[in-house]
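Student: Pasting a predicted model and its sequence here:
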Amino acid sequence: MAKLNILVVDDEANIRKTLTLFLESRGHQVKSAGSFSSALDEAVMTRYDLALIDLRLGTDNGLDLVQPLKRSCPWMKIVVITAYASIETAVEAMRRGAADYITKPFTPSRLQLVTEHIAAVCESENHAESFRDSPDELHPDEALLSKDPAMRRTIELSRQVAASEAVVLIQGHSGTGKSVLARAIHRMSNRAQKPFGVVSCPTLSQDLLESELFGHVKGSFTGAVRDNPGRVAACDGGTLFLDEIGDLPLAIQPKLLRFIQEREYERVGDHVTRKADVRIITATNTDLREAVTAGRFREDLYYRLNVFQIDIPTLAERPNDIEPLAENMLAEFNALNSKALSGFTDEVLRIFREHQWPGNIRELRNVIERAVILGNDGMIGIDLLPGTMTSIKMPLRIGDPVSLDAIEEQHIRRVLAETSSLQDAAAILGIDQATLWRKRKQLGIR
């Protein structure tokens, strides 16, 4: 059973103590509050999965606490406890947003049953949320499937860092599986039963990105028609993955730096300082050191993010993985499309090995899915591949009627394909690594 963060709200100290001892003995983390106001204060500062609320809190009605708690923590499940049970009260509790309703005196088994049910619901929601953000995400197992020594080293580093609380920076080209690897690190960590959230930095404007990260209060800007707790709050206890961190606006960078260092933040339009326990994993397909030099990225934030860097090789750099990855994807898309294609012809496998795969694993998935949709039976042949992969390109020769730029591009591509590192390629070409990095970006070489 997943372990929960539970808030016990009761005006009787003995009941708070009894419930706390019982729930802690089942492995849950428990805090208690004796009043309406102290319960709201706790909900502001900490992410709770479950609140057990007494119906009568001195002169206050516990039902009046349900909606304010839900506004502060929309994901929180609330169970109302009372010695004054009635059908009307039960219906009203559910109408206001309570998940369940139990009466005093209740047995330990009844309380155990309720918490187990809530834990199962939370675990299911966390699992669904972890995949909701990226509907086009790569299959999670593909990031961990490799015969290539460099990729196996990457996987082993991921396993080692998963057990720690270190901030991780994943470096790799688009489509190599950075977000998949981040998700795998979360699954292998002690936070696996807590939420995994994703924020893609390039997809939102500066104002919306800050709101997405840290939340906002109603009326803080045009369009803020309701409170938004933000991804940091939603991932309390879990992991937040910031994709393409190099595109994070300069204005937000000091706020992220402060959160990483102090675990404190404020929602947009709100002066209340909040805390959250969130592990940060970031990814980029750009050179952050170059961005620091250019003044686009804060140096202090770079060093806070680069505590543990993991580099993912491109698909072209791991040619021995292409065939097993393709076979794995073929089985997946056969099942999804009710097909029974049996494999790939030798000519297709040769093209796969020689192709540069600028889109990396994502491009390979697209190619396999297209072939399965178009194919009927037998093997995948060259006729089922995109035309861009099957057109024959003769190698250029010195003296051919082409521009110097075209010859330079092909030469750079061939050197990169035949060397094991950027450093070796730069040495052969007689240029420094930074220049080669810029030329790769200009030419669209991955």
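Tutor: Perfect, I can see it now.

Student: Now Glu369. Nearest residue, chain neighbours left out?
Tutor: Closest residue to Glu369 apart from its sequence neighbours, by C-beta to C-beta, 6 or more residues apart in numbering: Phe333 at 5.1 Å. C-beta here means a position set from N, CA and C on the backbone, and glycine is covered the same way.

Student: Can you tell me how far that neighbour is from Val372?
Tutor: 4 Å (C-beta to C-beta, to the nearest Å).

Student: Also Ile53?
Tutor: For Ile53, the distance to Val372 equals 52 Å [C-beta to C-beta].

Student: who's more crowded, Phe333 and Val372?
Tutor: The neighbour count for Phe333 versus Val372, taken as other C-beta atoms under 10 Å, is higher for Val372 (22 against 19).

Student: ok, and that one, which helix or strand is that part of?
Tutor: Here Val372, judged by DSSP states H and E, is contained in helix 360-374.

Student: For that helix, buried residues please.
Tutor: Of all the residues in helix 360-374, those buried under the rule 16 or more other C-beta atoms under 10 Å are 360-365, 367-369, 371-372.

Student: Just the endpoints, please. Distance across stretch 290-310?
Tutor: One end of stretch 290-310 sits 18 Å from the other (C-alpha to C-alpha, to the nearest Å).

Student: so what's the residue nearest to Leu4 when sequence neighbours are not counted up against?
Tutor: Distances taken as C-beta to C-beta, 6+ apart put Asp49 closest to Leu4, at 4.3 Å, once the chain neighbours are dropped. Going by C-beta atoms under 8 Å, 6 or more residues apart in numbering, Asp49 touches 4-6, 75-77, 118-119, 122.

Student: now swap in Ala283 and tell me
Tutor: 169-172, 178-179, 182, 241-245.

Student: I'd assumed it was in a strand, is it?
Tutor: Yes - under DSSP: H, G, I helix; E, B strand; the rest coil, Ala283 falls within a strand.

Student: who does it bridge with?
Tutor: Taking DSSP bridges, one finds Ile170 as the beta-bridge partners of Ala283.

Student: Please report how far it lies from Gly175.
Tutor: According to C-beta to C-beta, Ala283 stands 12 Å off from Gly175.

Student: hang on, the earlier thing: residues that sit against both of Phe333 and Val372, list them.
Tutor: Counting by C-beta under 8 Å, 6+ apart, the contacts common to Phe333 and Val372 are Lys339.

Student: for the helix or strand following the helix holding Val372, the distance to its chain's centre please.
Tutor: Next along the chain after helix 360-374, taking DSSP H and E as the criterion, comes strand 379-380. On the basis of C-alpha atoms, centre = their mean, to the nearest Å, strand 379-380 sits 35 Å off its chain's mean C-alpha point.

Student: who's in contact with strand 379-380?
Tutor: With C-beta under 8 Å, 6+ apart as the criterion, strand 379-380 contacts 330, 341-345, 348, 368, 371-372.

Student: ok, Phe377 touching Gly343?
Tutor: To be clear, residue 377 is Asp; Phe isn't right here. No - between Asp377 and Gly343 there is no contact under C-beta atoms under 8 Å: 11.6 Å.

Student: ok, these two, which is more surrounded?
Tutor: Neighbours were counted for Asp377 and for Gly343 using other C-beta under 10 Å; Gly343 has more, 13 against 8.

Student: check contacts around that one.
Tutor: Gly343 touches 327, 330, 379-380, counting by C-beta under 8 Å, 6+ apart.

Student: repeat for Ser342
Tutor: 377-379.

Student: Ok, Ser109 next?
Tutor: The neighbourhood of Ser109, defined by C-beta under 8 Å, 6+ apart, contains no residues.

Student: Please tell me how far it sits from Val30.
Tutor: Taking C-beta to C-beta, one finds Ser109 at 19 Å from Val30.

Student: Can you show me the strands along the stretch 201-350 of the chain?
Tutor: With DSSP state E, counting those that start in this stretch as the criterion, the stretch 201-350 of the chain has strands at 239-243, 264-265, 274-275, 279-284, 308-311, 343-344.

Student: Next, the angle strand 239-243 makes with the longest one.
Tutor: Between the direction of strand 279-284 and that of strand 239-243, the angle (axes from the mean of the first three to the mean of the last three C-alpha atoms, to 10 degrees) works out to 10 degrees.

Student: buried sites along the helix or strand containing Lys439?
Tutor: Here Lys439, judged by DSSP H and E, is contained in helix 433-443. For helix 433-443, burial by neighbour count (16+ other C-beta under 10 Å) applies to 436-437, 439-440.

Student: Repeat that for stretch 173-192.
Tutor: So stretch 173-192, judged by 16+ other C-beta under 10 Å, has buried residues 173, 175-186, 188-189, 191-192.

Student: how far out from the middle of the chain is it?
Tutor: Relative to its chain's centre, stretch 173-192 lies at 7 Å (C-alpha atoms, centre = their mean).

Student: which intervals of this structure have sub-threshold pLDDT?
Tutor: 1-2, 84-87, 90, 124-145, 391-400, 402, 417, 420, 444-446 (pLDDT under 70).

Student: domain parsing for it?
Tutor: Listed by automatic domain parsing, the domain ranges of the chain are 5-131, 133-313, 318-390, 404-443.

Student: start to end distance for the shortest one?
Tutor: In other words, domain 404-443. With C-alpha to C-alpha, one end of domain 404-443 sits 14 Å from the other.

Student: Report the buried residues of that domain.
Tutor: Buried residues in domain 404-443, counted by 16+ other C-beta under 10 Å: 409, 412, 415-416, 419, 425-426, 429, 436-437, 439-440.

Student: Now for the buried residues of helix 360-374: which two are most distant?
Tutor: Asn360 and Val372 (19.4 Å; C-beta to C-beta).

Student: Count residues in the vicinity of Val307, would you?
Tutor: 15.

Student: In a markdown table, list the contacts of Asp49 along with distance to Phe22 and neighbour count.
Tutor: Listed next are these as a markdown table, based on distance: C-beta to C-beta, whole Å; neighbours: other C-beta atoms under 10 Å:
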| residue | distance to Phe22 | neighbour count |
| --- | --- | --- |
| Leu4 | 13 | 24 |
| Asn5 | 16 | 21 |
| Ile6 | 11 | 24 |
| Trp75 | 23 | 17 |
| Met76 | 20 | 22 |
| Lys77 | 18 | 25 |
| Ile118 | 15 | 23 |
| Ala119 | 15 | 20 |
| Cys122 | 19 | 22 |
